[in-house]
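Colleague: Show me the folded form of this:
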Amino acid sequence: MLTKGLIGIIFPAAIIFVHIMVTGNWKVIRRLQIGYGIIIFLIVAAPWHVAAALANSDFLWFYIIREHLLRYLGMRYPKDYDTVPRLLFLGLHLVWLFPWSAFIWGLVRNFPRSIRPQEKTERTCLFLLIWIGVILTFFLFSTTQEYYTLPTLAAFALLLGKAMADLDMREPSPKWGLIGLGVLAAVTLLTGAGMIALTWWGDHSEASATLAGTLRAQTEPYLLTFAHLHDLTPATFRHLAPLVYPTAGLLILGPSAAFFCALRNRRRLSFLVLATFMVGLCHFYNAGMVAFEPVLSSKSLAKVVQYHYRPGDKIVVNDFYERGSTLNYYTGLQVYVMNAGYGVLWYGLQDKTAPKLCLTQDELINEWTSGKRIFLFGEQGPLDSFLSLHPDFNYRVLAESGGKKILINW
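Modeller: Residues are numbered from 1 along each chain as shown. From the prediction side, this is the model:
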């Protein structure tokens, strides 16, 4: 409740209730000790919510109506989020479960033969299927981000594990397992080959000397979690060639080796190869996140600001707060925002008692020439737009990294 909001209550309660309703096992409610659970829950969660409501008169409306109901219905303002198409939303489970999604067809065998099974294994499978079904149904009627169904992955993992165990114990090996591995090997082979081709064709000009220089410039806010993927270009792959080539090689060889083992009826070895492949893929994924750190984070720029900062200086983020939120995080210093008519700060800034943290362009320009030391942070696109409107704006670049700059007036 304290970390996930009302969803932390709704999902477990709905899953348990639907399971009881389907199985007709109402007697289990007595063993759940719901009364004691509610008391413990209130002791843990209520004090913070009561204190927040007493300190902020609009808290309950903001928290329950705006951030839960209106967001679920896609009616929250400002709408700083988008929704993923339903088919893509469901299809992405093949990505979240990769490479074990090769055995997704085995889930059909986990469906119980009746809605009120007597066998313990079938009862467990029914509970896991209801777990998945409740969450997917809930989000099919709401705005959806790519990662919203991550709470289903634990249930999927258990069901896939059972499908793989059944596959290992059956003689002869069912064809669906071999077909799944074959499809996986084909997909990863094409993906790896595509990555190599993009890297080979990528531009290697002076503009691509930095990772940020290879990305498509975006002036609009990112409304989906993985929207950054649209920024990638062949030049990006070329710039990251030392990382892309071994990743592509792993994609080509790993699942293909697992498929070959399965063809030889070495199923456990096939599973081991896939597990080893996944470890290697996680390593390269982590290396990719490290490579993109200057683009996705402003940690290095924050350290520069922190080094030069003096009491009385002002740090200003050009455009909405999210573009420079890591400055606030890494420095622990007060950050101001120019033209913050959007994003997470919008609602709070409407309060008459809120501190004045939002500046207009005219206010910034007046302060810029007042003699007060100012750090102006901005991403390349929005910053260029601001500077084009004010050609007489005098500044010096203190630091730049990942397509972002720190401008100063001293």
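
Colleague: Strands of this structure, residue ranges please.
Modeller: Here the chain has its strands, by DSSP state E, at 314-318, 335-338, 358-359, 374-379, 396-401, 404-408.

Colleague: What is the neighbour count of residue 229?
Modeller: Using other CB atoms under 10 Å, residue 229 is surrounded by 8 other residues. For the C-beta atoms, the positions are set from N, CA and C on the backbone; glycine is no exception.

Colleague: who's in contact with the nearest residue to residue 278 once chain neighbours are set aside?
Modeller: Excluding the flanking residues, the one nearest residue 278 by CB to CB, 6 or more residues apart in numbering is residue 99, at 6.2 Å. Contacts for residue 99 were tallied using CB atoms under 8 Å, 6 or more residues apart in numbering; they are 184, 188, 254-255, 258, 274, 277-278.

Colleague: List of residues touching the helix or strand of the chain with the lowest mean pLDDT?
Modeller: Using mean pLDDT, DSSP states H and E, the weakest-scoring helix or strand in the chain turns out to be helix 346-349, at a mean of 77. Residues outside helix 346-349 that contact it (CB under 8 Å, 6+ apart) are 62, 66, 78, 340, 354, 357-358.

Colleague: buried stuff in that helix?
Modeller: Within helix 346-349, the residues scored as buried using 16 or more other CB atoms under 10 Å are 346-347, 349.

Colleague: circling back to that earlier point, with respect to residue 180, which of the strands of the chain lies nearest?
Modeller: Comparison of the strands of the chain against residue 180 by CB to CB identifies strand 374-379 as nearest, at 42.7 Å.

Colleague: what stretches of this protein score poorly on pLDDT?
Modeller: Scanning the chain for pLDDT under 70 picks out 1-4, 80-82, 146, 171-173, 204-208, 217-227, 340-342.

Colleague: Now the lengthiest helix in it: buried residues?
Modeller: Scanning the chain for the helix with the most residues, using DSSP state H, yields helix 175-201. By 16+ other CB under 10 Å, the buried positions in helix 175-201 come out as 176-178, 180-185, 187-189, 192, 195-196, 198-199.

Colleague: one step back: if I look at the residue nearest to residue 278, how far off is residue 269?
Modeller: Residue 99 sits 15 Å away from residue 269, going by CB to CB, to the nearest Å.

Colleague: Columns distance to residue 7 on top of the buried residues of helix 346-349, output as TSV?
Modeller: Listed next are the buried residues of helix 346-349 as TSV, based on distance: CB to CB, whole Å:
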residue	distance to residue 7
346	23
347	20
349	26
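
Colleague: Closest one of those to residue 47?
Modeller: residue 347 (23.8 Å).

Colleague: Could you check how far the closest one is from residue 368?
Modeller: Using CB to CB, which is the criterion applied here, residue 347 is 28 Å from residue 368.

Colleague: re earlier: could you check how far the least confident helix or strand of the chain is from the centre of its chain?
Modeller: Relative to its parent chain, helix 346-349 has a centroid offset of 24 Å by CA atoms, centre = their mean, to the nearest Å.

Colleague: next one: stretch 334-352
Modeller: How far stretch 334-352 lies from its chain's middle: 23 Å, per CA atoms, centre = their mean.

Colleague: Out of the strands of the chain, the one nearest residue 386 is which?
Modeller: Shortest distance between residue 386 and those, using CB to CB, is found for strand 314-318: 5.8 Å.

Colleague: coming back round to it: narrow the contacts of residue 99 to those in helices?
Modeller: If you go by DSSP H, these have 184, 188, 254-255, 258, 274, 277-278 in helices.

Colleague: Mark which of those residues are buried, thanks.
Modeller: When the ones in helices among the contacts of residue 99 are checked for burial by 16+ other CB under 10 Å, the buried set is 184, 188, 254-255, 258, 274, 277.

Colleague: Ramachandran coordinates for residue 240?
Modeller: Per-residue torsions, residue 240: phi -100, psi 20 (degrees, to the nearest 10).

Colleague: show me the residues around it that make contact.
Modeller: For residue 240, the contact set (CB under 8 Å, 6+ apart) comprises 199, 211, 288, 291.

Colleague: Between those residues, which sits nearest residue 141?
Modeller: When the contacts of residue 240 are compared for distance to residue 141 (CB to CB), residue 288 wins out at 34.4 Å.

Colleague: neighbours around the nearest residue to the closest one once chain neighbours are set aside, how many?
Modeller: Excluding the flanking residues, the one nearest residue 288 by CB to CB, 6+ apart is residue 243, at 6.2 Å. For residue 243, the number of neighbouring residues by other CB under 10 Å comes to 16.

Colleague: Let me know whether residue 243 touches residue 287 as I believe.
Modeller: Yes: if you go by CB atoms under 8 Å, residue 243 and residue 287 touch, sitting 5.7 Å apart.

Colleague: Distance of residue 283 relative to residue 360?
Modeller: Going from residue 283 to residue 360 by CB to CB gives 47 Å.

Colleague: now do residue 63
Modeller: Taken as CB to CB, the span from residue 63 to residue 360 is 30 Å.

Colleague: Provide a list of residues in contact with the closest residue to residue 72 other than its chain neighbours.
Modeller: Closest residue to residue 72 apart from its sequence neighbours, by CB to CB, 6+ apart: residue 142 at 4.5 Å. For residue 142, the contacting residues are 72-74, by CB under 8 Å, 6+ apart.

Colleague: What's the local residue count around residue 139?
Modeller: By the criterion of other CB under 10 Å, residue 139 has 21 neighbours.

Colleague: and what of residue 32?
Modeller: Neighbour count for residue 32, taken as other CB under 10 Å: 11.

Colleague: Per the annotation, how does the protein divide into domains?
Modeller: 171-296, 299-408 (automatic domain parsing).

Colleague: Just the endpoints, please. Distance across the shortest one?
Modeller: For domain 299-408, the first and last residues are 18 Å from each other (CA to CA, to the nearest Å).

Colleague: Check the offset of that domain from the chain's centre.
Modeller: 26 Å.

Colleague: cool, and the first one?
Modeller: On the basis of CA atoms, centre = their mean, domain 171-296 sits 18 Å off its chain's mean C-alpha point.

Colleague: could you pull out the helices for the stretch 201-350 of the chain?
Modeller: Ranges of helices in the stretch 201-350 of the chain, per DSSP state H, counting those that start in this stretch, are 234-239, 241-263, 267-291, 293-296, 299-308, 325-331, 346-349.
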